[in-house]
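Q: coordinates only, sequence not included:
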């Protein structure tokens, strides 16, 4: 399989979800994420880079494995007509594309990590903060691009654009919700300068991503966390709902 | 990617009278009407008890038990059987479907009813790994309750959609009665989360005799954690005067 097949898939890409194709796409995802992951952890320590090179593919693998049944069911129920293997291939293709994008940016991020102030430097805190922002931006860019790609894949198979959009949002919601918790369990990724280099923190299953975020919001807003969360949810949900309503068509494609 | 090519919708063959489990799953997920009408686009007479609907009713009964899985994951206790009993609480579906205009018999409706429950059970089975991950990571009953009820709401919405498609495939034209019945059913299932408690957490009793409205129960327990309930449930030693001859202090008398 060529890289072009992944980036510009043919219309029948999802029609043949053979084990060979799934394995090839998985390999691309693992390779891209591992290379990028190494550059993420490298700034803190080369050993940390190796850890993140393992953990980043693991994060995606665990999320897809745990949500595999749910993704397949939602793919069928929301009307795209995709079976379980097709759903898996579609999601893997999307993650593999994100991984390829991030992998292609790995030389840049590696050089940035190489030239950034060292973790034991006086200005390590600000370097760590800017490092976080930069990688968040890059991961966000790759994620958006991959999801647009996934929507195109779904739109080819789905009878209506609304079905493709609904399936994409359901997958995004489910995988994002669980993926955030797995990222919490598998922390650290960037490596806080003051904390030691570890593969996993002590007692990784202790604590919950959402409760931690909730406590932070409560702390920032001085105990007014609920109104803040409602505003954040509305800001996220309203544009998505509007996009769905604008795209909603009840008739089949010609 | 090239623009999608117009494809006519595939013709769906009627379901055979005898189906294996895989075909039944596929019919349930892809073609809900077919499970009621044997593959015909619309039908106005009940199928024979040995037909497809009956086949589904018999074969999917065990899958209803799948509903218990998320509860098992979230509580880690032995209240599985109670949760599965929720399925017995559909109030008067025949009357409401008849009011909606459906020409459906009891056996056919029972088959579709079990099919809807099986669908909800399958979805809950899909949610189970995610719920288990969070169950391992948090002690908050409020968080786990929200997660479990959220999964239940999504599963029931798909089950109700399944029933709606069956009612309309069997001649139903009115949405009102079905909507009212759905709201009643939904409220009953939410009340069952309180009436059949304890469902989350640890407890020595199988059922509690205390009567409570579910919103009040949720409000009372939302902020509590598993550790608090464990401490509260721990056997307390009666505070008695120390009778030790050495004058040692009873640690429970303070």
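A: Here it is on my side, so go on. The model shown is predicted, which means the values in this text are computed figures rather than measured ones. Numbers count the residues shown, from 1 in each chain, chains lettered A, B, ... in the order given.
Q: following the helix or strand that residue A:23 is a member of, which helix or strand shows up next?
A: According to DSSP states H and E, residue A:23 maps onto helix A:19-42. Later in the chain than helix A:19-42, the nearest helix or strand by DSSP H and E is helix A:46-66.
Q: pull the longest helix from the chain.
A: You didn't pick a chain, so chain A it is. Ranked by residue count, the top helix of chain A under DSSP state H comes out as helix A:124-157.
Q: Not quite, go with chain B.
A: The residue-count maximum for a helix in chain B (DSSP H) belongs to helix B:106-137.
Q: Next, the buried residues of that one.
A: Buried residues in helix B:106-137, defined by neighbour count with 16 or more other C-beta atoms under 10 Å in any protein chain shown: B:107-135, B:137. All C-beta spots, glycine's among them, are computed from the backbone N, C-alpha and C.
Q: Check these one by one and keep those near chain A.
A: B:119, B:122-123, B:125-127, B:129-130, B:133-134, B:137 (C-beta under 8 Å from any C-beta of the partner chain).
Q: Can you show me the helices along the stretch 101-250 of chain A?
A: According to DSSP state H, counting those that start in this stretch, the stretch 101-250 of chain A carries its helices in the segments A:124-157, A:161-185, A:209-221, A:225-247.
Q: List the buried residues in the longest helix of chain A.
A: Neighbour count says helix A:124-157 has A:124, A:127-128, A:131, A:135, A:138-139, A:142-143, A:146-147, A:149-151, A:153-157 buried, by 16+ other C-beta under 10 Å.
Q: if we can go back for a sec, could you tell me the angle between the longest helix of chain B and helix A:46-66?
A: Counting by axes from the mean of the first three to the mean of the last three C-alpha atoms, to 10 degrees, helix B:106-137 points 170 degrees away from the direction of helix A:46-66.
Q: orientation of helix B:106-137 relative to helix A:161-185 in degrees?
A: With the same axes, to 10 degrees applied, the angle from helix B:106-137 to helix A:161-185 works out at 30 degrees.
Q: if we can go back for a sec, next, format the ones next to chain A among the buried residues of helix B:106-137 as TSV and append pLDDT.
A: Listed next are these as TSV, based on pLDDT from 0 to 100:
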residue	pLDDT
B:119	87
B:122	88
B:123	91
B:125	91
B:126	92
B:127	93
B:129	93
B:130	92
B:133	92
B:134	91
B:137	87
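Q: returning to what we had before: among the buried residues of helix A:124-157, name the ones that also lie close to chain B.
A: Near chain B, by the rule C-beta under 8 Å from any C-beta, you find A:155-156 out of those.
Q: residue boundaries of the helices in the stretch 151-254 of chain B?
A: Along the stretch 151-254 of chain B, counting by DSSP H, counting those that start in this stretch, helices occupy B:176-195, B:214-221, B:226-233.
Q: Contact residues of the stretch 151-254 of chain B facing chain A?
A: So the stretch 151-254 of chain B meets chain A at residue B:158 (C-beta under 8 Å from any C-beta).
Q: Show me the shaky parts of the stretch 151-254 of chain B.
A: For the stretch 151-254 of chain B, the stretches with pLDDT under 70 are B:228-254.
Q: to the chain's geometric centre, what's the distance from the longest helix of chain A?
A: Computed by C-alpha atoms, centre = their mean, to the nearest Å, the chain-centroid distance of helix A:124-157 equals 7 Å.
Q: what packs against it?
A: helix A:84-115, helix A:161-185 (3 or more C-beta pairs under 8 Å, 6 or more residues apart in numbering or on different chains; DSSP states H and E).
Q: of all these, which lies closest to residue A:235?
A: Closest approach to residue A:235 among the helices and strands packed on helix A:124-157 is made by helix A:161-185 (15.9 Å; C-beta to C-beta).
Q: Now do that closest one against helix A:225-247, angle only.
A: Angle of helix A:161-185 versus helix A:225-247, following the same axes, to 10 degrees, is 150 degrees.
Q: Can you name every helix or strand that helix A:161-185 contacts?
A: Packing partners of helix A:161-185 (3+ C-beta pairs under 8 Å, 6+ apart): helix A:46-66, helix A:68-77, helix A:124-157, helix A:209-221, helix A:225-247, helix B:106-137.
Q: I'd like the ones you listed as TSV, with distance to residue A:14 appended.
A: Putting the helices and strands packed on helix A:161-185 into TSV (distance: least, C-beta to C-beta, whole Å) gives the following:
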stretch	distance to residue A:14
helix A:46-66	16
helix A:68-77	10
helix A:124-157	6
helix A:209-221	31
helix A:225-247	20
helix B:106-137	20
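Q: looking at the helices of the stretch 151-254 of chain B, which is buried most?
A: helix B:176-195 (a mean of 17; mean count of other C-beta atoms under 10 Å in any protein chain shown).
Q: And for the residue of the stretch 101-250 of chain B at minimum distance from chain A, nearest residue in space, chain neighbours not counted?
A: Of all residues in the stretch 101-250 of chain B, the one sitting closest to chain A is residue B:126 (3.3 Å; C-beta to the nearest C-beta). For residue B:126, ignoring the flanking residues on the chain, the nearest one in space by C-beta to C-beta, 6 or more residues apart in numbering or on different chains is residue A:70 at 3.3 Å.
Q: what's the one you found in contact with, if anything?
A: Contacts for residue A:70 (C-beta atoms under 8 Å, 6 or more residues apart in numbering or on different chains) come out as A:174, B:123, B:126-127, B:130.
Q: With distance to residue A:40 added, can I get the residues you listed in JSON lines?
A: Formatted as JSON lines, these follow (distance: C-beta to C-beta, whole Å):
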{"residue": "A:174", "distance to residue A:40": "25"}
{"residue": "B:123", "distance to residue A:40": "35"}
{"residue": "B:126", "distance to residue A:40": "31"}
{"residue": "B:127", "distance to residue A:40": "31"}
{"residue": "B:130", "distance to residue A:40": "25"}
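Q: Looking at these, spot the one nearest residue A:10.
A: Closest approach to residue A:10 among the contacts of residue A:70 (C-beta to C-beta): residue A:174, at 27.4 Å.
Q: Touching, that closest one and residue A:74? I think so.
A: Yes: assessed by C-beta atoms under 8 Å, residue A:174 is found in contact with residue A:74 at 7.1 Å.
Q: okay, the two: which has more neighbours?
A: In this view residue A:174 and residue A:74 are compared by other C-beta atoms under 10 Å in any protein chain shown, and residue A:74 has more residues nearby, 25 against 20.
Q: what number of residues lie near the closest residue in space to that one that isn't next to it in sequence?
A: For residue A:74, ignoring the flanking residues on the chain, the nearest one in space by C-beta to C-beta, 6+ apart is residue A:170 at 4.5 Å. Per other C-beta under 10 Å, the neighbour tally for residue A:170 reads 18.
Q: Residue A:170 touches residue A:80, doesn't it?
A: No: taking contacts as C-beta under 8 Å, residue A:170 lies outside contact range of residue A:80: 10.1 Å.
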